[in-house]
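*Asks:* Everything below, folded, please.
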Amino acid sequence: MARLRDIAQICKSKNAGPFMLTIDVLFEDAAVYRQVKATGVLNAALFARLYNVAEADVLFTPYDTASAFKATLPRLVPAGDFGDTDVYGAQQHAPLLEVEIPINPA
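*Replies:* Below is the predicted model:
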């Protein structure tokens, strides 16, 4: 098993407007990306569970040419609204870092 934080070169989040959040996971090694993709661990259901949103509200897209995954989902609190703790959405990728992927990277 490998934690996502140890195999992805970039894992970042940002606002996609005040009501949506985008999370990007990029891999430097295309072979590792293909292994991760083949496991099916990264998917809309995972993001829905980690971020407490409906799976139907998660737009999840693998980008093979970029060795990357992108997920766009609704923010639970709009950016800048009362109760918002991350107005830019720049720290929302943290729950993904501990996700375990059943591969043995080289």
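*Asks:* Tell me where this protein has strands.
*Replies:* Taking DSSP state E as the criterion, the chain carries its strands at 2-3, 10-15, 20-26, 59-63, 68-74, 100-101.
*Asks:* how about the ones you listed in a markdown table, adding mean pLDDT, mean neighbour count and distance to residue 46?
*Replies:* Yep, even glycine has a C-beta here, placed from its N, CA and C like the rest. Formatted as a markdown table, the strands of the chain follow (pLDDT from 0 to 100; neighbours: other CB atoms under 10 Å; distance: least, CB to CB, whole Å):
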| stretch | mean pLDDT | mean neighbour count | distance to residue 46 |
| --- | --- | --- | --- |
| strand 2-3 | 96 | 15 | 14 |
| strand 10-15 | 97 | 17 | 13 |
| strand 20-26 | 98 | 20 | 11 |
| strand 59-63 | 98 | 14 | 9 |
| strand 68-74 | 98 | 19 | 9 |
| strand 100-101 | 96 | 16 | 11 |
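*Asks:* Looking at the ones you listed, which is nearest to residue 92?
*Replies:* Proximity to residue 92, assessed across these by CB to CB, is greatest for strand 10-15 (3.9 Å).
*Asks:* How about exporting the closest one as PDB, limited to the C-alpha atoms?
*Replies:* Coordinates of each C-alpha in strand 10-15 appear next as PDB, following Å, rounded to 0.1, in the frame of the first residue of the first chain:
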ATOM      1  CA  ILE A  10       1.000  17.500  -6.700                       C
ATOM      2  CA  CYS A  11      -2.200  17.300  -4.700                       C
ATOM      3  CA  LYS A  12      -3.900  20.700  -4.400                       C
ATOM      4  CA  SER A  13      -7.300  22.300  -4.000                       C
ATOM      5  CA  LYS A  14      -8.700  25.700  -5.000                       C
ATOM      6  CA  ASN A  15     -12.000  27.400  -5.400                       C
END
